[in-house]
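# I would like to see how this sequence folds:
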Amino acid sequence: MNRLALFCGLGFAASFASAASAIAAKAPASPDAQVSFVNDVLPVLGKAGCNAGTCHAKADGKGGFKLSVFAYDPRADFYNITRAARGRRISPASPEQSLLLLKPTMAVQHGGGPRFAAGSPAHSTILKWIRQGMPYATPDEPALTEVRVSPAENRCKKGATQPLRVTAKFSDGSTRDVTALSHFISNEKEIATVDDAGVVKVGIVSGEGIIVARYMGLVDIARVTVPTDKPLPDSAYAALPRNNFIDDLAYARFKKLGLLPSAPCTDSEFLRRASLDAIGTLPTPDETRAFLADTDPGKRTKLIDRLLTNPAWADHWAIKWADLVRPSPFRVGVRSTFMMDAWLRESFRANKPFDQFARELLTAEGSTHRYGPVVFYRHFRDPVDIAPAISQVFLGVRLDCARCHHHPNERWGQEDFFSFAAFFTDIRRKGQGISTPISGEPEYIWFAEGRSTLKHPVTGAVMKPAPLAGAAMEIPTTSDPRAALADWMTEPGNPFFARAVANRVWAEFFGRGIVDPVDDFRASNPPTHEPLLDALAKDFAAHKFDLKHAMRTVMRSHLYQLSSLPNESNIADTKNFSRAYRRRLPAEVLADAVASVTGVPDNFQGLPAGARALEAWNNRLASDTLDAFGRPNASADCPCERDTRTSVVQALHLMNSTRLHEKISSSEGRAARLAASTATPAEIITELYLAALNRPPVAEELSIASRCFGDSASTRQPAIEDVMWALLNSAEFVFNH
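This is a model prediction of the structure:
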């Protein structure tokens, strides 16, 4: 039987019609009301799509006319409309002939097409503003502070419609219905769609959909729950095992959505899953036999405790955090990269409280050749580069958009970005900045007393250090602002830190975060289960940011121990964790698993002979396997979220790799040892299954694999190699399930 046969036997801008109808839904202002550019004209232009990135908010504008993205710089927009190009866009003497009205209504040729109709409320608002003398703002005009969508939560039957209402709140306590001027997006279009007027149309799929409403840079969400056609009785949930608070909260959500969790996973599945997740290592055949034979009802809990004390735990989790903070060796040099890796591994070996871990990196000072965390500041050199990296890694917030304009789907603007970056302006450096790849000179990095300034790029104002969503801090010039940031960040009640880290841990064990992507916390990307995330974060902070405690809590839950096989109620569930989600093994874990099954270790340049891939301290170490399975690019800026998808390259590598063939057929490998043993073919096949899949073969698998073994002793090792090759190429081996 050949190997292949054996293997086989095993939208931004809306259309004119919809945009015009949505704008027309807004009741016109009273004849005597004053019109403001900020609170009246800009919302109209925003709804029409004029300040979208595909139109006049392009980097260089469009058709000689430029607006800021989503009106993040209203004064510049006001100038470009009323003064730029000699004021040609506005005709105060004949307001009706203003280009600002003629082009969107197509009375004059307009490359962007019609945006609203003549005589519509949008047209009337702009016309009235021009007639009133084009005021930037009205006297004592209140500022927009908040938007709210109602109903915020709603249960709808399949096929139902539900109009939404968006209310803007202002600094003087007043409110305004801005539904007609808001933008709407559905995050789950198969569950519910939404039109430009904010009318939700429910589909035919059960679950929970999120509708995002955006108005003038502020966002809010509405949750639409579509119950299942066959609701389950309370008794179905009352009978489920409850190991800790995770299960209580998960079952409450399942009941709301009509989901019944899958059955528990088998002991062999749990052993394999827990070992790969916690320490990145396959159990040996002897460990598998012992676990499957153990009749102790508490053996899973005991296994979790053993795994979390295994020395391999530190290497496995150091690799994960190295993706986020490891510098590029092309930029900082090999020695500096080694020092960062050594600090990471030492931190995890000591199970360093994570608030201490974050503080050490944030406030690092010293030589890049002696102290690992300071290397972070050799890689990220400018405050405007440091700030988004820190916020993304430790707070789960992507700030990069706010460097240039207001974040399109979040509260963050340039003031937030540069206030946060101001924490890093007093870092000083001495020595060689960009290291040569091999050795190079060290760089010395420290906090310098005084206060360097960072200015807002638009207003020119000097920015004071301010945490996200917080007030500016008054920090003495003799104190390191980074220490003040660390104090704020690691407070147990911080709204970002504990949630972000708990979400990352959860994602590693479940295949996706409660907020997903894990580093994209924002109002328009809400948690799938906010009470659960809050409870995990609170528990993490209450136990002094102990990562092992957080992992133990997750692994002990019944939720973590569910089968990956779906049932009728949860077959479509991909984000509520009612079953285990199958995940491809990470690059280093897969490479070590191949070495474990074949019995032939890898040899990496710069590491001792036989070292595991999880011990690799430099992602430049040559390995086709690691490259094929998603090792981060050594020249890329961290943080690096790995691509966990499968690819043709991965399949072809396992099927055709010369190095893999050498491992399988090695005279020092498992196949050769089994061939030389007195074991029967059935015993050999069972050993291979236990090594690769951590379970014995079922009768059909044993029968198929046994066909490889002929009567001649000369065919014994080739048969073993064929079975091993087929197992290594199986989805069951490549995936953690």
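
# is it true that Pro114 touches Met106?
Yes - the criterion here is C-beta atoms under 8 Å, and Pro114 meets it with Met106 at 4.6 Å. (Glycine included, C-beta is placed from N, CA and C.)

# Okay, the closest residue to Pro227 other than its chain neighbours and Ser206: tell me how far apart.
Computed as C-beta to C-beta, 6 or more residues apart in numbering, the closest residue to Pro227 that is not its neighbour in sequence is Gly258, at 5.4 Å. Here the criterion is C-beta to C-beta, to the nearest Å. By it, Gly258 lies 6 Å from Ser206.

# so what sits against both of these two?
Contact criterion C-beta atoms under 8 Å, 6 or more residues apart in numbering; residues shared by Gly258 and Ser206: Pro227, Thr228.

# Low-confidence ranges, the stretch 1-150 of the chain, go.
Within the stretch 1-150 of the chain, the stretches with pLDDT under 70 are 1-32.

# Please enumerate the strands of it.
Applying DSSP state E, counting those that start in this stretch to the stretch 1-150 of the chain gives strands spanning 144-150.

# Doesn't Asp248 belong to a strand?
No - if the criterion is DSSP: H, G, I helix; E, B strand; the rest coil, then Asp248 is helix and not within a strand.

# would you say Glu683 is within a strand?
No - counting by three-state DSSP, Glu683 is not part of a strand but helix.

# mind listing what it touches?
Glu683 touches nothing, counting by C-beta under 8 Å, 6+ apart.

# Quick check: it vs Thr266, distance?
22 Å.

# now swap in Pro476 and tell me
Taking C-beta to C-beta, one finds Pro476 at 60 Å from Thr266.

# neighbour count winner among the two?
Neighbour totals were compared for Pro476 and Thr266, and Thr266 leads with 13 against 10 (other C-beta atoms under 10 Å).

# which ones are touching that one?
Ser563, Arg695.

# how does the protein divide up, domain by domain?
16-131, 144-226, 280-295+570-737, 313-489 (automatic domain parsing).

# Make JSON lines from the ones you listed and add distance to Glu530 to it.
Listed next are these as JSON lines, based on distance: least, C-beta to C-beta, whole Å:
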{"stretch": "domain 16-131", "distance to Glu530": "26"}
{"stretch": "domain 144-226", "distance to Glu530": "10"}
{"stretch": "domain 280-295+570-737", "distance to Glu530": "13"}
{"stretch": "domain 313-489", "distance to Glu530": "14"}
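
# Torsion angles phi and psi at Ala278?
The phi/psi pair for Ala278 (degrees, to the nearest 10) reads phi -80, psi -40.

# Correction: the previous question concerned Ser706.
The phi/psi pair for Ser706 (degrees, to the nearest 10) is phi -70, psi -20.

# Which of the three states applies to the spatially most central residue of the chain?
The chain has Pro517 as the residue nearest its centroid, 2.0 Å off, counting by C-alpha atoms, centre = their mean. Going by three-state DSSP, the secondary structure assigned to Pro517 is coil.

# Run through the residues that contact Phe629.
By C-beta under 8 Å, 6+ apart, the neighbours of Phe629 are Arg584, Leu585, Pro586, Ala587, Leu590, Ala591, Gln650, His653.

# Select from those residues every entry located in helices.
Ala587, Leu590, Ala591, Gln650, His653 (DSSP state H).

# Which residue, other than its chain neighbours, is closest to the fourth one?
In space, and not counting its chain neighbours, Gln650 is closest to Ala628: 5.3 Å by C-beta to C-beta, 6+ apart.

# From the rest of the structure, what touches stretch 160-172?
140, 142-151, 154, 156, 175-179, 182, 184, 194, 197-202, 211, 213, 215-216, 218, 220, 222, 224.

# Could you dump the contacts of Phe629 into CSV and include pLDDT and neighbour count?
Below are those laid out as CSV (pLDDT from 0 to 100; neighbours: other C-beta atoms under 10 Å):
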residue, pLDDT, neighbour count
Arg584, 96, 21
Leu585, 97, 21
Pro586, 96, 25
Ala587, 95, 23
Leu590, 97, 27
Ala591, 97, 25
Gln650, 95, 18
His653, 95, 17
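
# hmm, who's touching stretch 320-335?
Outside stretch 320-335, the residues touching it (C-beta under 8 Å, 6+ apart) are 336-337, 340-341, 344, 348, 361, 368-369, 375-376, 378-379, 393, 434-440, 442, 508, 618-620, 632, 634-642.

# Quick one: mean pLDDT over the longest helix that the chain contains.
When the chain is scanned for its longest helix (criterion: DSSP H), the result is helix 334-349. Averaged across helix 334-349, the pLDDT comes to 95.

# and it, which residues are buried?
334-341, 343-345, 347-348 (16 or more other C-beta atoms under 10 Å).

# ok, of those residues, which one's closest to His529?
Phe348 (27.8 Å; C-beta to C-beta).

# helices and strands of the protein: which one bottoms out on pLDDT?
In the chain, no helix or strand scores lower on mean pLDDT, DSSP states H and E than helix 16-24, which sits at a mean of 37.

# who's in contact with Lys544?
Contacts of Lys544 (C-beta under 8 Å, 6+ apart): Pro353, Asp355.

# sec struct for it, please.
coil.

# ok, so what distance separates it from Arg83?
Applying C-beta to C-beta to Lys544 and Arg83 gives a distance of 58 Å.

# Next: Thr281.
For Thr281 relative to Arg83 (C-beta to C-beta), the value is 67 Å.

# What are the buried residues along stretch 365-378?
For stretch 365-378, by 16+ other C-beta under 10 Å, it's 365-369, 371-378.

# Please enumerate residues in contact with it?
So stretch 365-378 is contacted by 325, 327, 331-333, 335-337, 339-344, 360-361, 364, 386, 427, 429, 431, 433, 435, 442-447 (C-beta under 8 Å, 6+ apart).

# Would you mind writing the CA trace of that stretch as PDB?
Extracted C-alpha coordinates of stretch 365-378, given in PDB (Å, rounded to 0.1, in the frame of the first residue of the first chain):
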ATOM      1  CA  GLU A 365      16.800  51.300  31.700                       C
ATOM      2  CA  GLY A 366      20.300  50.100  31.100                       C
ATOM      3  CA  SER A 367      22.500  48.400  28.500                       C
ATOM      4  CA  THR A 368      20.900  46.500  25.600                       C
ATOM      5  CA  HIS A 369      23.600  43.900  26.000                       C
ATOM      6  CA  ARG A 370      22.900  43.300  29.700                       C
ATOM      7  CA  TYR A 371      19.100  43.800  30.400                       C
ATOM      8  CA  GLY A 372      16.500  42.300  28.100                       C
ATOM      9  CA  PRO A 373      13.500  44.500  28.400                       C
ATOM     10  CA  VAL A 374      15.400  47.700  27.600                       C
ATOM     11  CA  VAL A 375      15.900  46.200  24.100                       C
ATOM     12  CA  PHE A 376      12.200  47.100  23.400                       C
ATOM     13  CA  TYR A 377      13.300  50.700  23.400                       C
ATOM     14  CA  ARG A 378      16.100  50.000  21.000                       C
END
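
# How far does that stretch sit from its chain's centre?
In terms of C-alpha atoms, centre = their mean, to the nearest Å, the centre of stretch 365-378 is found 27 Å from the chain centre.

# same deal with stretch 313-326?
For stretch 313-326, the distance to the chain centre is 17 Å (C-alpha atoms, centre = their mean).

# surely Val69 meets Cys50?
No - judged on C-beta under 8 Å, Val69 makes no contact with Cys50 at a distance of 11.1 Å.

# Overlap of the contact sets of these two?
Ala57.

# Thank you, goodbye.
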